[in-house]
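# next input, structure requested:
(chains A and B)
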Amino acid sequence: MLELYNTASRHQEPFEPVDGETARVYSCGPTVYDFPHIGNLRTFVLNDILCRYLAFKGWEVHHVMNITDVDDKTIAGALTQGVSLSEYTQQYTEYFFEDLETLNIKPAWKYPRATDHIKQMQTLIEKILDNGHGYEVAGNVYFDISSFADYGKLSGIEPEELGGGEYTRLDDEYDREDAGDFVLWKAAKPDEPSWDSPWGPGRPGWHIECSVMSMEYLGPTLDIHTGAVDLIFPHHENEIAQSEAATGQQFVRFWVHGEHLIVEGEKMSKSLGNFYTLRDLLKEGYSPQAIRHQLLTAHYRQQLNFTLEGLEQSERAMQRLNTFIERLPRLPLPQGSSKEAGERIDEARSNFEQVMDDDLNVPGALGVVFELIKDINTLIDAGELRDQDRVVLRDFLVQADSVLGLMTNQLEEAEREPALDEEIKALIAEREQARNDGDFARADQIRDQLTAQGIILEDTAEGTIWRRK
RNA sequence: GGCGGCGUAGCCAAGAGGUUAAGGCAGCGGUCUGCAAAACCGCUAUUCACCGGUUCGAUUCCGGUCGCCGCCUCCA
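A predicted model of the protein is given here:
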């Protein structure tokens, strides 16, 4: 049974969808003001693994991820570039989707945009006001945290401490009654995009967007809400307050938070010059497969120290995986099946699910896959792998990869018919003849020529097999 | 100051109160090969930051020390 660590309880708890069929998952999506960086992408990869595994467990998955396309940063960006807000956010929204596709992240069920839900936000704010949890000051609407008894429950923050102490960052921009109160609706400033509302022209606060878009598509109670740890406070705390103040029902059953990644041991930031986007890494020649793998090497609740050396290690690990997958279908194997291979694959299948059930232990799951590869290679070397084993093995790899998403392309590619040029086939045959004749100079010449074309030859006891580089 | 986490081999990283402490990368030595490639075998942590405690037994639980990181209303 799947167990997930729930930030709300600080414990790992058995999970199943409340209705037993459909897992309703909401993830905080990007604010589309810039390219996603590698840290953002780690969180999106976590969402992906979670949703893929929920599907693996047999549930329908309704995954909603919002696009925040109106906030201080997007407004400022649009102003700087001299384009409209929607033009500005549209381009970064597209970059975001491109990056998801590059990293083999499965599309969510819905990607609602904040600006398409302004009306619903106003409705929810009115509900909050009606229920006595908010107040308006000069066109700004605030949430009154003192009216919500459970405020601070998720993050463990005491409301009394907010606004006090040396870490306060309150400014005088807004007229709040209490330092901890947060804005639901912001009155428009000159030159800012705005929408009409019962409180005058303005725009929604950031937190209200997520409450509205999650409940709009998933109902008042979500099975799982994800995000990175920095969102626990204030964002998720505020979402709970708003949503439950409006509906009177539990907002989220499981809060799943991903740890940050750091770069070369330090917090990633533009000023430190250790800020990577996916595009930066691709330009350096790293493969999307290795990047995804590197993001999966640490458990999601551990900080991941992202380094270029680590990426190199992932490249090599993926090479091992790819070589295995690509040569598997071309190995000449005797008919039948072997007991030992069957047992090993069954064991891997069961271990894989067991470690993933344990709060999505992806590094453990990778260990299971690589351990199996080693065992199967040993059987191959011993001449004990049979052709039926290969079918069962491939079935397992496909199943495991429905979760990991690391070898989708390779598995498909490997199954394709060789489609080798006649010319290449002839060269391989010629090389065979040359080797038999002892003309190794000619044989090596042909091998080098094919290597240059990206075809790698391997001489096995059963004949020469090939794979692409 | 408050809250959370981490410290396992050269590097990355799982892990369990007690059989051989996964797996990947790197290294060394072999096997296979005409040579390669791929793969396999062996070696690379008698030990899990340090000090106490609980226990028949702890690296795993508890307390403390040191070191590192993150959050505390921009932040994935």
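# buried residues, the helix or strand harbouring A:D459. List them.
Assigned by DSSP states H and E, A:D459 falls within strand A:455-460. Residues A:455-457 are the ones in strand A:455-460 that count as buried (16 or more other CB atoms under 10 Å). Any C-beta I mention is one placed from the backbone N, CA and C, and that applies to glycine too.
# so what's the closest residue to RNA strand B within the stretch 201-350 of chain A up against?
RNA strand B sits closest to A:A228 of the stretch 201-350 of chain A, with a gap of 2.1 Å, by CB to the nearest atom of the strand. Residues in contact with A:A228 (CB atoms under 8 Å, 6 or more residues apart in numbering) are A:28, A:39, A:43, A:257-260.
# and if you look at A:E209?
A:66, A:68, A:114, A:117, A:121 are the contacts of A:E209 under CB under 8 Å, 6+ apart.
# quick check: the last one touching A:V212?
Yes: the pair A:M121 and A:V212 passes the contact test of CB atoms under 8 Å, sitting 4.9 Å apart.
# with adjacent residues omitted, what lies nearest to A:Q122?
A:S197 (5.3 Å; CB to CB, 6 or more residues apart in numbering).
# ignore what I typed, I meant A:P30.
Nearest non-adjacent residue to A:P30, counting by CB to CB, 6+ apart: A:F96, 5.2 Å away.
# next: A:M1.
Take A:M1 and drop its neighbours on the chain: the residue closest to it by CB to CB, 6+ apart is A:P14, 5.2 Å away.
# contact partners for that neighbour?
By CB under 8 Å, 6+ apart, A:P14 lies in contact with A:1-3.
# and for A:R394?
Contacts for A:R394 were tallied using CB under 8 Å, 6+ apart; they are A:328-329, A:411.
# next secondary structure after the strand or helix carrying A:R42?
Assessed by DSSP H and E, A:R42 sits inside helix A:38-56. Per DSSP H and E, the first helix or strand lying C-terminal to helix A:38-56 is strand A:60-65.
# if you average the pLDDT over that following strand, what comes out?
What strand A:60-65 shows for mean pLDDT is 98.
# report the buried residues of that strand.
A:61-65.
# what about dumping the CA coordinates of that strand to PDB?
Extracted C-alpha coordinates of strand A:60-65, given in PDB (Å, rounded to 0.1, in the frame of the first residue of the first chain):
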ATOM      1  CA  GLU A  60      -7.500   7.600 -12.400                       C
ATOM      2  CA  VAL A  61      -5.500  10.800 -11.900                       C
ATOM      3  CA  HIS A  62      -6.900  14.200 -12.200                       C
ATOM      4  CA  HIS A  63      -3.900  16.400 -12.000                       C
ATOM      5  CA  VAL A  64      -4.400  20.200 -12.100                       C
ATOM      6  CA  MET A  65      -1.500  22.600 -12.300                       C
END
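# burial count for the nearest residue to A:E126 once chain neighbours are set aside?
Nearest residue to A:E126 in three dimensions, chain neighbours excluded: A:P198, at 6.8 Å (CB to CB, 6+ apart). By other CB atoms under 10 Å, the residues close to A:P198 number 11.
# quick check: phi and psi at A:V137.
Torsion angles at A:V137 (phi, psi; degrees, to the nearest 10) stand at phi -140, psi 110.
# what's the burial count for it?
A:V137 has 14 nearby residues by other CB under 10 Å.
# next one: it from A:R431, what distance?
Look at A:V137 and A:R431: by CB to CB, to the nearest Å, they are 83 Å apart.
# next, A:L4: secondary structure please.
Three-state call for A:L4 (DSSP: H, G, I helix; E, B strand; the rest coil): strand.
# ditto for A:Q91
helix.
# number of residues surrounding it?
By other CB under 10 Å, 12 other residues sit near A:Q91.
# quick check, A:P30 in contact with A:K73.
No: the pair A:P30 / A:K73 is not scored as a contact, 11.0 Å apart, by CB under 8 Å.
# pick out whichever of the two has more residues nearby.
Using other CB under 10 Å, the more surrounded residue of A:P30 and A:K73 is A:P30, with 25 against 13.
# domain parsing for chain A?
Annotated domains of chain A cover A:3-258, A:278-415, A:422-468 [automatic domain parsing].
# most neighbours per residue, which of those domains?
domain A:3-258 (a mean of 19; mean count of other CB atoms under 10 Å).
# quickly find the element holding the residue of the stretch 251-400 of chain A found nearest RNA strand B.
In the stretch 251-400 of chain A, the residue that lies nearest RNA strand B is A:G367 (2.3 Å; CB to the nearest atom of the strand). When elements are assigned from DSSP H and E, A:G367 belongs to helix A:362-381.
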